[in-house]
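Chemist: below are the sequence and a predicted model for it; my questions follow.
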Amino acid sequence: MGRQYFGTDGIRGLVGQAPITADFVLKLGWAAGKVFGATAKGRKLILVGKDTRVSGYMFESALQAGIIAAGVDVGLLGPMPTPAIAYLSRTFRAQAGIVISASHNPFDDNGIKFFGSDGYKLSDDLEAQIEHHLDLPMETGLSERLGRAHRIADAAGRYIEFCKSTVPSGFNLDGLKVVVDCANGATYHVAPDVLRELGARVVPMADEPDGLNINAACGSTHPAALTAEVVRQGADLGIAFDGDGDRVVLVDHLGNLVDGDEILFIIARHRHGNGQGCNGVVGTLMSNHGLQLAFDGLAIPFERARVGDRYVIEAMRNNGWKLGGESSGHIVCGDLTSTGDGIVAALQVLRAMRECGKSLAELTAEMAKLPQVMINVRMREKAAVDELPEIRAAVADAERALAGRGRVLLRPSGTEPVIRVMVEGVDAEQVGELARRVAGVVEKVLS
């Protein structure tokens with residue numbers, strides 16, 4: 001069975017346009033309830049959490065009704081980071097966890113993504129089973145067989161304690177001043193508390209969600225405000241999450257951005273040198289070549305997966321490796337959790353800083369990134385751009401200009417209607433010019 005609705009990270013789109021409508025999400029809740037309820041041996045339970053988008057209220061109610069109609073209980077978590085829902089799905093022994101979120105996208109988008117009882121994203125087979133049930137007539141069970149709903153009041157406290165458990169007992173952040181940008185999203189009420197309880201002086205920002213301001217000029221995709229605030233406050237570092245808390249980027253005390261590649265390097269190098277060990281790391285096709293060179297120097301195996309945390313995790317599990325991530329800030333510490341977790345990743349960097357006695361800037365300086373430029377080109381409809389002659393010719397010309405000292409990558413986004421044009425090389429000016437040239441051709445052809 002093929003997949004019509006599921007993309008690389010669940011189902012996502014503009015609110016009010018198919019499939020992100022109340023009636024579809026109602027049916028989706030029922031379909032998920034039927035699939036997961038059929039595998040339950042005892043209590044049937046699905047957890048539902050969301051980020052802070054105004055449309056989350058509508059979709060939470062629709063999912064709840066559909067799941068209950070399928071005869072499955074619902075545990076409502078309210079606004080919680082995506083990785084928290086993965087964690088709580090395991091600890092509650094639920095059949096699944098459902099997240100209502102469009103991650104780093106603006107407020108007028110939304111989406112639905114799933115975790116299984118093990119806290120991992122669903123297999124293609126399970127997603128296909130849900131899609132199969134979407135094609136069946138929706139039937140409501142007898143009243144005595146309907147599910148029930150309840151709110152889980154201590155969800156935030158449970159997750160805060162889990163995050164703190166990912167660093168050693170006795171670890172503290174005393175004397176450290178940290179600016180925390182919560183993207184007006186799902187981390188607004190947990191991330192600052194985690195850091196405060198570990199002893200940091202926390203300066204929160206973008207922590208007053210109103211349903212419309214999630215990811216708006218803030219968070220990991222818009223770190224300019226955080227950079228300015230770190231410098232203004234004289235803070236030791238800044239931490240920025242995206243709207244659902246599964247991504248993180250950092251800012252050092254000088255105001256320099258530290259992206260996912262650099263975070264991945266810092267964690268891996270610290271583990272490699274402190275006895276924890278690092279038997280290999282998974283990056284993606286977008287990972288900076290400087291990251292690979294740095295791992296080569298440490299004799300740490302490195303492999304590139306397709307873009308998307310599900311593919312990173314798949315490669316990690318296939319290799320038996322415990323660390324992987326993306327340039328965007330999805331960092332997966334597989335020995336600690338089952339999915340990308342911005343708070344957990346930030347804590348691992350803070351641990352490296354403390355135990356190495358170095359600032360974030362000093363740790364970052366140990367990896368040399370190659371100049372890399374990425375330009376997003378909007379597209380009206382999906383197209384196999386690498387098969388179009390004019391675009392293939394432009395890519396070939398750019399690769400000849402790089403003369404084997406760089407690479408060109410064109411990749412359709414799995415979550416947005418864009419083609420990502422990435423060029424990487426030794427000379428920053430040349431890289432920028434080639435990226436603009438290729439992106440111009442792609443835009444011309446697609447328009």
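Modeler: Here it is on my side, so go on.
Chemist: who are the contact partners of I100?
Modeler: Under the criterion of C-beta atoms under 8 Å, 6 or more residues apart in numbering, the contact list for I100 reads 48-51, 53, 56, 59-60, 63, 110-112. Where C-beta positions appear, they are placed from N, C-alpha and C, glycine not excepted.
Chemist: Three-state assignment for G238, please.
Modeler: Taking DSSP: H, G, I helix; E, B strand; the rest coil as the rule, one finds G238 in the strand state.
Chemist: bridging residues for it?
Modeler: Beta-bridge pairing of G238, defined through DSSP bridges, involves V179, V251.
Chemist: per-residue confidence at it?
Modeler: pLDDT recorded at G238 is 98.
Chemist: near it, how many other residues are there?
Modeler: 30 (other C-beta atoms under 10 Å).
Chemist: that one and A268: what is the separation?
Modeler: Going from G238 to A268 by C-beta to C-beta, to the nearest Å gives 22 Å.
Chemist: quick check: R271 touching C333?
Modeler: No - judged on C-beta atoms under 8 Å, R271 makes no contact with C333 at a distance of 9.4 Å.
Chemist: between these two, what contacts are shared?
Modeler: Residues touching both R271 and C333 by C-beta under 8 Å, 6+ apart: L323.
Chemist: residue ranges with poor pLDDT in the protein?
Modeler: Judged by pLDDT under 70, the chain has its weakly predicted residues at 1-2, 381, 415.
Chemist: looking at it, which helix is longest?
Modeler: When every helix of the chain is counted residue by residue (DSSP state H), the longest turns out to be helix 428-446.
Chemist: any idea how far it is from the chain center?
Modeler: The gap between the average C-alpha position of helix 428-446 and the chain average comes to 27 Å, counting by C-alpha atoms, centre = their mean, to the nearest Å.
Chemist: CA atoms of that helix as CSV?
Modeler: Included here for helix 428-446 are C-alpha records, laid out as CSV according to Å, rounded to 0.1, in the frame of the first residue of the first chain:
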residue,chain,number,x,y,z
ALA,A,428,33.0,31.6,-0.1
GLU,A,429,32.5,34.1,-2.9
GLN,A,430,32.5,31.4,-5.6
VAL,A,431,30.0,29.3,-3.5
GLY,A,432,27.6,32.2,-3.2
GLU,A,433,27.8,33.1,-6.9
LEU,A,434,27.2,29.5,-8.0
ALA,A,435,24.3,29.0,-5.6
ARG,A,436,22.6,32.1,-6.9
ARG,A,437,23.2,31.1,-10.5
VAL,A,438,21.8,27.6,-10.1
ALA,A,439,18.8,28.8,-8.0
GLY,A,440,18.1,31.4,-10.7
VAL,A,441,17.9,28.6,-13.3
VAL,A,442,15.7,26.5,-11.0
GLU,A,443,13.3,29.4,-10.4
LYS,A,444,13.1,30.2,-14.1
VAL,A,445,12.3,26.7,-15.1
LEU,A,446,9.8,26.0,-12.4
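Chemist: got the buried residues for that helix?
Modeler: By neighbour count, with 16 or more other C-beta atoms under 10 Å as the criterion, the buried positions of helix 428-446 are 430-432, 434-435, 437-439, 441-442, 445-446.
Chemist: which elements pack onto that helix?
Modeler: Helices and strands in packing contact with helix 428-446 are listed as strand 372-378, helix 389-402, strand 407-412, strand 418-424; criterion 3 or more C-beta pairs under 8 Å, 6 or more residues apart in numbering; DSSP states H and E.
Chemist: just the ones you listed: most buried one?
Modeler: Sort the helices and strands packed on helix 428-446 by mean neighbour count, taking mean count of other C-beta atoms under 10 Å, and strand 418-424 sits at the top with a mean of 23.
Chemist: which non-adjacent residue is nearest T339?
Modeler: The shortest distance from T339 to any residue that is not its chain neighbour, by C-beta to C-beta, 6 or more residues apart in numbering, is 4.6 Å, and that residue is A86.
Chemist: give me the helices and strands touching the helix or strand containing the one you found, please.
Modeler: Under DSSP states H and E, the secondary-structure element containing A86 is helix 82-91. Here helix 82-91 touches strand 45-50, strand 73-79, strand 96-100, strand 109-116, helix 155-165, helix 342-356, going by 3+ C-beta pairs under 8 Å, 6+ apart.
Chemist: hmm, who's touching the fifth one?
Modeler: Residues outside helix 155-165 that contact it (C-beta under 8 Å, 6+ apart): 49, 77-78, 80-81, 84, 87-88, 91, 189-190, 193-194, 197-198, 341, 343-344, 347.
Chemist: list only buried entries from these.
Modeler: By the neighbour-count criterion of 16+ other C-beta under 10 Å, the contacts of helix 155-165 include these buried positions: 49, 77-78, 80-81, 84, 87-88, 189-190, 193-194, 198, 341, 343-344, 347.
Chemist: still on that earlier bit, tell me what angle the longest helix of the chain forms with strand 407-412.
Modeler: Helix 428-446 and strand 407-412 are oriented at 30 degrees to each other (axes from the mean of the first three to the mean of the last three C-alpha atoms, to 10 degrees).
Chemist: strand 418-424 and helix 428-446, what's the angle between them?
Modeler: When the same axes, to 10 degrees is applied, the directions of helix 428-446 and strand 418-424 differ by 150 degrees.
Chemist: what residues does helix 428-446 touch?
Modeler: Surrounding helix 428-446, the residues in contact under the criterion C-beta under 8 Å, 6+ apart are 371-375, 377-380, 383, 385, 388, 390-391, 394-395, 397-398, 401-402, 406, 408, 410, 419, 421-425.
Chemist: may I have stretch 397-412 exported as CSV, CA atoms only?
Modeler: Only the C-alpha atoms of stretch 397-412 are listed here, as CSV (Å, rounded to 0.1, in the frame of the first residue of the first chain):
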residue,chain,number,x,y,z
ASP,A,397,28.4,23.8,-15.0
ALA,A,398,28.6,24.6,-11.2
GLU,A,399,30.3,21.3,-10.5
ARG,A,400,32.9,21.9,-13.2
ALA,A,401,33.6,25.4,-11.7
LEU,A,402,34.1,23.8,-8.2
ALA,A,403,36.7,21.4,-9.8
GLY,A,404,36.3,18.6,-7.3
ARG,A,405,36.6,20.9,-4.3
GLY,A,406,32.9,21.2,-3.4
ARG,A,407,29.5,19.9,-4.2
VAL,A,408,26.0,20.9,-5.5
LEU,A,409,22.8,19.4,-4.1
LEU,A,410,19.2,20.0,-5.1
ARG,A,411,16.6,18.6,-2.7
PRO,A,412,12.9,19.0,-2.5
